[in-house]
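Asker: Sequence below, structure please.
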Amino acid sequence: MCVYKQKMKYTHILCLKVWSKLCKSTTDYKNIEKKVINELLNKEFIETIDLFGVNQEIRITWFEKKWDEKMSSLNQGNIVSYLNYSSTYDQLIYNHTELVLKKIEQKFKDENEFNSDWEIIFNIVKPLSSNKPNVEPVSLYGY
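Answerer: Down below sits the predicted model:
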């Protein structure tokens with residue numbers, strides 16, 4: 001059982017869809033979106049990503065998050081991860097996720113689960129804060 005099932009903290013939210021170039025819209029034919037998500041969930045993906053000539057090994061595991069009714073109205077995705085990387089790594093995280101999803105897409109194409117005009121599209125967002133800010137009182141002094 002995943003530790004994240006407890007009071008889950010997360011740093012990134014992933015939203016993904018399957019896009020049909022032919023129809024110019026998303027598709028969920030034969031529940032393909034859920035199949036893609038199942039390939040992604042609860043598995044550690046390790047990829048070496050080149051950013052500006054520097055290779056970085058990035059490890060990411062995505063988990064499913066159950067939002068309450070209110071939050072599900074706000075959040076587009078229900079796939080989350082807790083990544084202990086600074087915001088400097090945002091481009092690496094994006095590139096890593098893109099590479100993993102391309103591999104999943106190719107796997108489904110090889111298994112004839114995906115039509116040739118389909119592709120996985122995605123977006124990653126970060127919550128601004130879930131903690132109350134540490135605010136100190138400000139006093140005005142005459143100097």
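
Asker: ok, the residue nearest to residue 21 when sequence neighbours are not counted - contacts?
Answerer: Leaving out its chain neighbours, the residue that sits closest to residue 21 by Cβ to Cβ, 6 or more residues apart in numbering is residue 117, at 4.3 Å. From N, CA and C alone the C-beta is placed, and that goes for glycine too. Residues in contact with residue 117 (Cβ atoms under 8 Å, 6 or more residues apart in numbering) are 20-22.

Asker: Now list the buried members of these.
Answerer: By neighbour count, with 16 or more other Cβ atoms under 10 Å, the contacts of residue 117 hold no buried member.

Asker: Need phi/psi at the residue nearest to residue 21.
Answerer: phi -90, psi 0 (degrees, to the nearest 10).

Asker: cool, residue 107 as well?
Answerer: Torsion angles, degrees, to the nearest 10, at residue 107: phi -60, psi -50.

Asker: do the same with residue 75
Answerer: Per-residue torsions, residue 75: phi -90, psi 130 (degrees, to the nearest 10).
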